[in-house]
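*Asks:* pasting the sequence and the predicted model now:
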Amino acid sequence: MVLATVTVADTPFVPIGRRVTVEKLGKGFFAVRFVYGFFESPDIPQDFALARPLGLALEMDSATFFLGRETLVPGQNPSLPRWQVALYMWLASNALSPARFYHLPPGRVVELGTQVTI
């Protein structure tokens, strides 16, 4: 079981040697942290290969990825004008899905979602 966290640094690029850290939590659990620069495009399956020398060998062909996803819903009394709420919701709905953004294999992603009122 691998718990992965993706962080974006304040620099445009992060050296490959500092991109991945692995922490053994015990009983088959690992914590992996990926760090990308704000100008880089994350590729999680490719960068899991960087974790192999650090003691984490994954079979990417049989891995399942769980992602969190937020769905925006309009609130009863929004603090913004309705047209701004509608515009923001439209922009958010047209954003790239997290699975595609992280280059995760289709058909192997489970999304767990919540609704956020704006």
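*Replies:* Perfect, thanks for sending it.
*Asks:* can you list the buried residues in the longest helix along the chain?
*Replies:* In the chain, assigned by DSSP state H, the helix with the most residues is helix 82-93. Within helix 82-93, the residues that qualify as buried are residue 85, counting by 16 or more other CB atoms under 10 Å. Any C-beta I mention is one placed from the backbone N, CA and C, and that applies to glycine too.
*Asks:* now it, how far from the chain's geometric center?
*Replies:* The chain centre lies 22 Å from the centre of helix 82-93; the measure is CA atoms, centre = their mean, to the nearest Å.
*Asks:* count the residues that sit near the closest residue to residue 103 other than its chain neighbours.
*Replies:* Residue nearest to residue 103 in three dimensions, not counting chain neighbours: residue 43, with 4.5 Å by CB to CB, 6 or more residues apart in numbering. When neighbours are defined as other CB atoms under 10 Å, residue 43 has 14 of them.
*Asks:* quick one: residue 43 and residue 72, what's the gap?
*Replies:* Counting by CB to CB, to the nearest Å, the gap from residue 43 to residue 72 is 27 Å.
*Asks:* now do the SS call for residue 7.
*Replies:* strand (DSSP: H, G, I helix; E, B strand; the rest coil).
*Asks:* quick check, it in contact with residue 35.
*Replies:* Yes. Here residue 7 reaches residue 35: they are 5.0 Å apart, a contact under CB atoms under 8 Å.
*Asks:* pick out whichever of the two has more residues nearby.
*Replies:* Taking other CB under 10 Å, residue 7 and residue 35 do not tie; residue 35 has more neighbours (19 against 9).
*Asks:* distance of that one from residue 104?
*Replies:* In terms of CB to CB, residue 35 sits 18 Å off from residue 104.
*Asks:* next one: the residue nearest to residue 103 from residue 68, what distance?
*Replies:* From residue 43 to residue 68 the distance is 19 Å (CB to CB).
*Asks:* ditto for residue 33
*Replies:* As judged by CB to CB, residue 33 and residue 68 stand 16 Å apart.
*Asks:* and if you look at residue 111?
*Replies:* 8 Å.
*Asks:* what segments of the chain are strands?
*Replies:* 2-8, 20-26, 29-36, 65-73, 109-117 (DSSP state E).
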